[in-house]
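Colleague: Predicted model and sequence below, questions to follow.
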Amino acid sequence: MGRRSKNEKVYIMITRTIIILIFLLVWEFCARSKIYNPFFTSYPSEILNDLVEFYRSGDLGKHTAITLTEALLGLFYGTVLGVVTAIIFGYFSALGKLFTPIIFAISGIPQLTLAPVYVLWFGLGLTSKIFLAGLMVFFNVFFSSYNAIKNFDKKLIESANLLGASNVRILRTVVVPACMPWILSGIRAGVGSALVGAIIGEYIGASGGFGWMIVYSNSYFNIKRVMACILILLLVGIVLNKILDFAESKMLIWRTETTLSMKQK
């Protein structure tokens, strides 16, 4: 059974790689054959050459560090605040009923429209980008965690109380582990939100980062550099997602994956 699962993973990885390679080859062929105007999208070999130039100039490391710092700090603060707020609202239901509709209303406002306000409040430095990224992460983590806590089986808490566990111990050993799948789900959504928040903040006003580089390159119609930045962000997202997969496999070792298929594996 384990061997079959391993073979399935290898098959999926090979198939995915083939699909990506076919896409890149078709893209390259269409651009070089002038089937469409490559000015608007560039093409893989040109983007790869620009990535090499980007690296050799030293700008790649600089802009990567700026955007990752903003996104990761936003992810950290947004996650901590989201989980803590959800726990507080879970213990004090009156606070949850009072503030949750307000938080939901604020989350419905497109953050792009508020980004200039955040820049006005916190300036053009890292703080405004971290705040925007953290706020977007907070909404994902908070709603996921709060819904998990609201639907938590109270019989587990009652059983722990009967065994003499304190509130802190119940929270640490019962509530948080049971809600961890939903918390991690919110964090996974928050990874993308953190990157989006950082990039939006850099669009509005910055002196570095991939968002700034995309705006700068686009103003000079340097599409290959724009696509290179997008590719790097794509790779960053994949790496962060893999890290979450690893953390999930270690923290949720007790969980088994299920599918809607009736076939036996």
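Modeller: Ah, there it is. Numbers count the residues shown, from 1 in each chain.
Colleague: ok, Leu98 to Gly134 distance?
Modeller: Distance of Leu98 to Gly134, given as CB to CB, to the nearest Å: 23 Å. Where C-beta positions appear, they are placed from N, C-alpha and C, glycine not excepted.
Colleague: between those two, who's got more neighbours?
Modeller: Neighbours around Leu98 and Gly134, counted as other CB atoms under 10 Å, are more numerous at Gly134. The numbers are 26 against 11.
Colleague: for that one, phi and psi?
Modeller: phi -60, psi -40 (degrees, to the nearest 10).
Colleague: for Phe104, same thing?
Modeller: Per-residue torsions, Phe104: phi -60, psi -40 (degrees, to the nearest 10).
Colleague: so who does it touch?
Modeller: Going by CB atoms under 8 Å, 6 or more residues apart in numbering, Phe104 touches Phe143.
Colleague: Can you give me the domain boundaries for this protein?
Modeller: Domain segmentation of the chain under automatic domain parsing yields 1-36, 42-251.
Colleague: For stretch 241-252, buried residues please.
Modeller: Neighbour counts over stretch 241-252 (16 or more other CB atoms under 10 Å) mark 244, 248 as buried.
Colleague: swap in stretch 53-63?
Modeller: 54, 60, 63.
Colleague: close enough to count as contact, the first one and Leu60?
Modeller: Yes: between Phe54 and Leu60 there is a contact at 4.6 Å, judged by CB atoms under 8 Å.
Colleague: so where does the residue nearest the centre of the chain fall, helix or strand?
Modeller: Centroid-nearest residue in the chain: Val191, 1.4 Å away (criterion: CA atoms, centre = their mean). Using DSSP states H and E, Val191 sits within helix 176-204.
Colleague: what element comes up after that helix heading to the C-terminus?
Modeller: With DSSP H and E, the next secondary element past helix 176-204 is helix 210-219.
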